[in-house]
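**Q** Let's see this in three dimensions:
(4 chains)
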4 protein chains.
Amino acid sequence: MSDFVCRNPDYNADTQKMFSTQAFMQSVKGELSITELGKAQILAPFQTEFSQQNGFFHGGVVGALADNAMGCSAFTLFEPGDMVLTVEYKINLLAPADGEEIVAKGWVVKNGKTLTITQGEVYIRKNGIEKLCATATGTMMRLNGK
Amino acid sequence: MSDFVCRNPDYNADTQKMFSTQAFMQSVKGELSITELGKAQILAPFQTEFSQQNGFFHGGVVGALADNAMGCSAFTLFEPGDMVLTVEYKINLLAPADGEEIVAKGWVVKNGKTLTITQGEVYIRKNGIEKLCATATGTMMRLNGK
Amino acid sequence: MSDFVCRNPDYNADTQKMFSTQAFMQSVKGELSITELGKAQILAPFQTEFSQQNGFFHGGVVGALADNAMGCSAFTLFEPGDMVLTVEYKINLLAPADGEEIVAKGWVVKNGKTLTITQGEVYIRKNGIEKLCATATGTMMRLNGK
Amino acid sequence: MSDFVCRNPDYNADTQKMFSTQAFMQSVKGELSITELGKAQILAPFQTEFSQQNGFFHGGVVGALADNAMGCSAFTLFEPGDMVLTVEYKINLLAPADGEEIVAKGWVVKNGKTLTITQGEVYIRKNGIEKLCATATGTMMRLNGK
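**A** This next block holds a predicted model:
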């Protein structure tokens, strides 16, 4: 059970809506799941146009998905109408993202009034086996919508 | 004048070749310029399919370009046949990437035998004005090609 | 149970020995505990000479302890005679380190041949209550002792 | 010439005052210099009690000085009565801090209303030669004093 304060009863729908307006996420065919407050997950299939020199998911795409999963996890804790800005993110690439599908997970470590600190992990799936391929941290800023 | 040691007389052509095999960089229409050893620059035009919710360059694309410019800057200092791996990168998003064109610059701060430490800056161009929109750091690893 | 490979049967004693030769860790009265392969913990009491302007543990000391706990966690997985170098570390300060005692925990996320990727958390203890005050990530390099 | 806005005519004296109340900075005998708005520099002599296992400046001390130089550079741009908090910092250790004296430099890259993004470099001096031994980035938060 999460101990975060819910400030938006429609957090799931509103986070999905924000996500769906990002054209880049549509291009990578990202699917967002919000299972609980302060957590988010993005699933994306391999597509050649987002690959690097060895035919794996490009590290930049891995970073983009991690950043976005972390940003969405923060967004679930905001008030209706607020916006989220990434202040900074850092990603460690642990293993080649060689697989059919990638899953980026983000969660909130600390939810402050202005800043929300998040962490993330990215898993690559190949032949039914899931493997951690990146870890990330991100600092997210709440832009008050009022 | 650069004080780096040149280990590959064809560093410019070889870095271009490595870059050109990244499908994602072709998708974003990135153009790589190597002006000197230890420096790289990637220019990319705005395309809707790589935008975020406000119609600007997506932060994940900004990160991808910065990572790649830093990786290419390191690659210029490697031996023929070596490969480059990003160990980690961190990006600070300073301003919205709202413009027609984006330029990511990367340069080497320290070139070690195994690890090369790099920095980067990303500029957004709009109506003839160029503005710093992100700063980055990256740790690159040399994979010995021999 | 840990799934790391043990390359040094004396990893506990050798990590303690390496730690004990760091004069700065003696100055802060740090006590290292290694409970299992790939994990390390440093406990230190509050001392005025290591405080910041509000009389709390200085953020620089918090960072030093986190870095060291991560470095020691990596060191447990090295071969006898190897040395550890911090390539980079990043720390997020989540809450003031206001308390009588601080505990920095470090653990290995990925143990590579040359690089070991680690994470850390720092907890502050006050009046019997323990609170997360920082999260960290670190990239550690193994210097082959042979 | 700096293009930052001066919000505190006594920024030099006030930053010195804030710095002088950090007991840890007195312990390391740090000397702060503010040469212009948005820049700060801390000089510290080698002392055995702040060293690591090879008798060099401890990486944690290097990080603490870099963090502080960046924090002070941000502080010069604040209003009278404001306080500065480090949200996060990242440091790359490029070379052993083997020398008689260390100099940490910090400067502001972007000065926002709430967040100020900074960068830093640390130089080690030995036998009259100065060498870059670390690079850093930091995110600083302004706590409104009013």
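**Q** Any part of the longest helix seen in chain A near chain B?
**A** Determined from DSSP state H, the single longest helix within chain A is helix A:59-75. Yes. Contact between helix A:59-75 and chain B, assessed by Cβ under 8 Å from any Cβ of the partner chain, occurs at A:Gly59, A:Gly60, A:Val61, A:Gly63, A:Ala64, A:Leu65, A:Asp67, A:Asn68. Backbone N, C-alpha and C define where each C-beta goes, glycine included.
**Q** now do stretch A:85-104
**A** Yes. Stretch A:85-104 comes into contact with chain B (Cβ under 8 Å from any Cβ), by way of A:Leu85, A:Thr86, A:Val87, A:Glu88, A:Tyr89, A:Lys90, A:Ile91, A:Asn92, A:Leu93.
**Q** hang on, the earlier thing: could I get the residues of helix A:59-75 next to chain B as CSV with distance to C:Gln52 and neighbour count?
**A** Putting these into CSV (distance: Cβ to Cβ, whole Å; neighbours: other Cβ atoms under 10 Å in any protein chain shown) gives the following:
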residue, distance to C:Gln52, neighbour count
A:Gly59, 37, 25
A:Gly60, 38, 27
A:Val61, 40, 31
A:Gly63, 33, 30
A:Ala64, 36, 31
A:Leu65, 37, 30
A:Asp67, 31, 29
A:Asn68, 35, 29
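**Q** Which of these sits closest to A:Asn8?
**A** Comparing the residues of helix A:59-75 next to chain B against A:Asn8 with Cβ to Cβ places A:Asn68 closest, at 18.7 Å.
**Q** picking up where we left off before, now do the longest helix of chain A against helix B:59-75, angle only.
**A** Angle, helix A:59-75 to helix B:59-75, by axes from the mean of the first three to the mean of the last three Cα atoms, to 10 degrees: 140 degrees.
**Q** can helix A:59-75 be found next to chain C?
**A** No. Applying Cβ under 8 Å from any Cβ, one finds helix A:59-75 separated from chain C by no less than 12.3 Å.
**Q** what do you get for stretch A:109-121?
**A** Yes. Counting by Cβ under 8 Å from any Cβ, chain C is contacted by stretch A:109-121 at A:Val109, A:Lys110, A:Ile117, A:Gln119.
**Q** out of the residues you listed, which is most surrounded?
**A** Using other Cβ atoms under 10 Å in any protein chain shown as the neighbour criterion, A:Ile117 leads those with 23 neighbours.
**Q** With chain D in mind, check whether the helix or strand containing that residue reaches it.
**A** Secondary structure from DSSP states H and E places A:Ile117 in strand A:115-126. Yes. Counting by Cβ under 8 Å from any Cβ, chain D is contacted by strand A:115-126 at A:Leu115, A:Ile117.
**Q** where in chain A is pLDDT low?
**A** A:1-2 (pLDDT under 70).
**Q** Which positions in it make contact with chain B?
**A** Counting by Cβ under 8 Å from any Cβ, chain A sits next to chain B at A:18, A:21-24, A:26-27, A:48-53, A:58-61, A:63-65, A:67-68, A:85-93.
**Q** ok, and which of those reach chain D?
**A** A:Val87, A:Glu88, A:Lys90.
**Q** Residues of chain A that sit close to chain D?
**A** So far as Cβ under 8 Å from any Cβ goes, chain A lies against chain D at A:Val87, A:Glu88, A:Lys90, A:Thr114, A:Leu115, A:Ile117, A:Thr139, A:Met141.
**Q** Need the max-distance pair from those.
**A** A:Lys90 and A:Thr114, at 19.7 Å, using Cβ to Cβ across the residues of chain A next to chain D.
**Q** With neighbour numbers in mind, choose between the two.
**A** Comparing A:Lys90 with A:Thr114 by other Cβ under 10 Å, the one with more neighbours is A:Lys90, at 28 against 14.
**Q** dump the residue contacts of the residue nearest to that one when sequence neighbours are not counted.
**A** Spatial nearest neighbour of A:Lys90, excluding adjacent residues (Cβ to Cβ, 6 or more residues apart in numbering or on different chains): B:Lys90 at 3.8 Å. With contact taken as Cβ atoms under 8 Å, 6 or more residues apart in numbering or on different chains, B:Lys90 is in contact with A:Glu88, A:Tyr89, A:Lys90, A:Ile91, B:Ala136, B:Thr137, B:Gly138, C:Lys90, D:Lys90, D:Thr137.
**Q** how close does B:Lys90 get to A:Gly55?
**A** Using Cβ to Cβ, to the nearest Å, we find B:Lys90 at a distance of 26 Å from A:Gly55.
**Q** Would you map the helices across chain A?
**A** A:11-20, A:23-27, A:59-75.
**Q** hey, which of those is tucked in deepest?
**A** helix A:59-75 (a mean of 29; mean count of other Cβ atoms under 10 Å in any protein chain shown).
**Q** and of the helices of chain A, who's closest to C:Ala44?
**A** Across these, closest to C:Ala44 is helix A:59-75 (Cβ to Cβ), at 30.6 Å.
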